[in-house]
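Student: got a predicted model here, sequence first, then my questions.
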Amino acid sequence: MDIQNYIAAHRERFMAEWASLIRIPSVSCQTEHKADMLRCAERWKELLIEAGCQRAEVLPSAGNPFVYAEYQCPVSTAPTVLVYAHYDVMPIEPLEQWHSNPWEPDIRDGRLYARGADDDKGQAMIQAKAFEYMVQTGQLKCNVKFIFEGEEEIGSPSLEAFLEDHKELLKADIILVSDTSMIGKDTPSITTGLRGLAYWQIEVDGPNRDLHSGHFGGAVKNPINALCEMLSKIVDKDGRITIPGFYDDVLPIPEEERAMIAQIPFSQEKYNAAIDVDDVFGEAGYSTLERNSCRPSFDVCGIWGGYTGEGSKTVLPSKAFAKVSCRLVANQDHEKISQAFIDYIATLAPKGVRVNVTPMHGGQGYVCPIDIPAYKAAEKGFELAFGKRPLAARRGGSIPIIAAFEQILGCKTILMGFGLEQNAIHSPNESMDLEVWEKGIIAVTEFYKEFAKTH
């Protein structure tokens with residue numbers, strides 16, 4: 001039986017199993033749902049066994065439990081695929097903005113509406129059903145392992161320790177993740193890169209108290225003025241970050257990938273209008289889509305100090321603060337960049353103030369080469385399912401766990417995501433396009449067929 005007929009024959013069951021997960025309010029950030037986390041993990045264990053796994057168990061961690069399952073292929077040379085997903089979801093508030101019960105799937109207009117419809121219960125079901133089809137029809141020539149976590153929506157605090165403790169158990173040739181999005185329903189894409197992050201708080205101390213600006217203005221260094229002077233020197237007129245050594249490890253964008261980025265439907269005029277700006281700014285020599293995904297950036301995320309209440313108060317403030325961040329690209333080490341920034345700020349600090357920089361958090365960027373066998377297999381899967389070759393698309397955001405997979409488990413990750421912007425993940429009325437959902441199952445089955453050929 002081919003995959004389309006298999007889906008048609010089992011669609012009602014697929015929907016029922018999907019619904020059984022959605023009805024469990026597995027909100028990881030709310031302690032009232034602690035028991036639901038275990039309940040959802042146990043339900044996934046049942047579903048993965050029913051799908052064809054020979055072993056499945058719920059494993060403890062410092063936080064919410066992990067679900068581990070595996071299928072061992074009888075072919076001795078078979079490659080191993082590790083499938084990652086998460087079973088926790090975001091809170092449903094504000095409830096009044098939902099058009100239907102967020103914990104009860106509602107199908108309308110070709111979409112399934114519910115919390116977790118896409119992120120990530122819907123996308124995890126894509127993986128589970130593709131695996132089921134391949135096992136039940138005797139076509140699977142790969143070993144497959146599943147690792148589902150319950151803390152992704154709160155930053156995966158237990159994941160790295162879990163990976164370290166279970167390196168041998170999770171050993172694989174490639175990691176497959178469906179927790180990202182495509183450019184559009186008619187523009188399939190594979191996420192090939194994610195930016196890293198470094199984040200700091202800067203404190204500038206001046207006089208021992210707020211001073212009268214008439215008595216002291218012009219005679220004492222103003223900490224807010226000093227902070228602004230320092231921040232203004234971090235990015236030059238060409239959009240280049242001036243931190244010494246900042247670009248030492250930045251890899252150039254391959255020309256083939258730049259050509260793919262140029263094919264992404266994009267209107268600079270509409271982009272500007274959507275955010276109400278009359279022009280954009282960034283590193284010279286790169287397009288907007290390259291700047292916000294493939295190149296690093298520096299931003300002041302918040303700045304404060306002095307008097308900001310109603311009316312006026314003529315003071316020279318004793319302190320000034322800013323929160324700043326860099327989005328980093330693959331091969332840049334966030335700890336190295338963090339220290340370089342701290343050292344650089346020390347050289348920019350003027351006399352008359354004391355500057356302290358506190359690192360707050362960070363994470364590595366990630367890039368997947370588009371010429372490796374697993375990427376090519378995913379590419380063929382998308383092409384078969386959607387009727388056109390997917391574009392390689394880096395994303396400007398950060399998913400630190402992807403870098404952790406590479407650092408700890410030593411293998412690359414293929415981000416076969418099937419979400420769409422209109423799916424409204426994390427928002428009221430989250431949904432999943434059912435046509436895309438079924439095409440996702442087809443794409444993943446084809447991935448397994450093609451990837452098995454490479455070993």
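Tutor: Okay, I see it. Residues are numbered from 1 along each chain as shown.

Student: isn't there a strand covering Ile202?
Tutor: Yes: Ile202 forms part of a strand when assessed by DSSP: H, G, I helix; E, B strand; the rest coil.

Student: let me see the domain layout of the protein.
Tutor: 3-194+365-452, 196-250+296-363 (automatic domain parsing).

Student: for the most centrally placed residue in the chain, what are its contacts?
Tutor: Among the residues of the chain, Ile399 comes closest to the average C-alpha position under CA atoms, centre = their mean, at 3.5 Å. The neighbours of Ile399, taking CB atoms under 8 Å, 6 or more residues apart in numbering as the test, are 179-180, 194, 366. Using the backbone N, CA and C atoms, a C-beta is placed for each residue, glycine as well.

Student: so of the residues you listed, which ones are in strands?
Tutor: 194, 366 (DSSP state E).

Student: need the contacts of Ile399 in JSON lines (columns: neighbour count and distance to Arg111).
Tutor: Listed next are the contacts of Ile399 as JSON lines, based on neighbours: other CB atoms under 10 Å; distance: CB to CB, whole Å:
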{"residue": "Asp179", "neighbour count": "24", "distance to Arg111": "19"}
{"residue": "Thr180", "neighbour count": "22", "distance to Arg111": "19"}
{"residue": "Leu194", "neighbour count": "28", "distance to Arg111": "27"}
{"residue": "Tyr366", "neighbour count": "29", "distance to Arg111": "30"}
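
Student: for the contacts of Ile399, which one is nearest Glu96?
Tutor: The nearest member of the contacts of Ile399 to Glu96, counting by CB to CB, is Asp179 at 28.0 Å.

Student: could you find the closest non-adjacent residue to the closest one?
Tutor: Leaving aside its sequence neighbours, Asp179 sits nearest to Asp120 (CB to CB, 6 or more residues apart in numbering; 5.0 Å).

Student: can you give me the pLDDT of the one you found?
Tutor: Note for Asp120: predicted pLDDT of 97.

Student: that one and Ala85 touch, don't they?
Tutor: Yes: at 5.3 Å, Asp120 counts as touching Ala85 under the criterion of CB atoms under 8 Å.

Student: give me the more crowded residue out of these two.
Tutor: For Asp120 versus Ala85, the count of surrounding residues by other CB atoms under 10 Å is larger for Asp120: 28 against 23.

Student: identify the residues contacting that one.
Tutor: Neighbouring residues of Asp120 by CB under 8 Å, 6+ apart: 85-87, 89, 152, 178-179.

Student: by neighbour count, which of those wins?
Tutor: Going by other CB under 10 Å, Val89 tops the contacts of Asp120 with 32 neighbours.

Student: gap between the residue lying closest to that residue once chain neighbours are set aside and Met432?
Tutor: Nearest non-adjacent residue to Val89, counting by CB to CB, 6+ apart: Gly116, 4.3 Å away. Distance check for Gly116 against Met432: by CB to CB, to the nearest Å, it reads 9 Å.

Student: then Gln201?
Tutor: 39 Å.

Student: give me the element Lys34 is part of.
Tutor: Using DSSP states H and E, Lys34 sits in helix 34-51.

Student: quick one, helices of the stretch 51-200 of the chain?
Tutor: Applying DSSP state H, counting those that start in this stretch to the stretch 51-200 of the chain gives helices spanning 121-136, 159-165.

Student: just name the shakiest helix or strand of this structure by mean pLDDT.
Tutor: helix 400-404 (a mean of 88; mean pLDDT, DSSP states H and E).

Student: Gly362 looks like it's in a strand, true?
Tutor: Yes: the assignment for Gly362 by three-state DSSP puts it in a strand.

Student: mind checking which helix or strand the residue of the chain positioned farthest from its centre is in?
Tutor: Here the centre of the chain is the reference, and by CA atoms, centre = their mean the most remote residue is His215, at 51.6 Å. Per DSSP H and E: His215 is located in helix 213-216.

Student: so after that helix, what's the next helix or strand?
Tutor: Following helix 213-216 toward the C-terminus (DSSP H and E): helix 223-232.

Student: using PDB, write out the CA atom coordinates for that next one.
Tutor: Provided in PDB are the C-alpha atoms of helix 223-232 (Å, rounded to 0.1, in the frame of the first residue of the first chain):
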ATOM      1  CA  PRO A 223      26.700  57.900  33.300                       C
ATOM      2  CA  ILE A 224      23.900  57.900  30.800                       C
ATOM      3  CA  ASN A 225      25.900  60.000  28.400                       C
ATOM      4  CA  ALA A 226      28.900  57.700  28.900                       C
ATOM      5  CA  LEU A 227      26.800  54.600  28.300                       C
ATOM      6  CA  CYS A 228      25.400  56.100  25.100                       C
ATOM      7  CA  GLU A 229      28.900  57.000  23.900                       C
ATOM      8  CA  MET A 230      30.100  53.500  24.400                       C
ATOM      9  CA  LEU A 231      27.200  51.800  22.800                       C
ATOM     10  CA  SER A 232      27.400  54.100  19.700                       C
END
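
Student: right, I'll leave it there.
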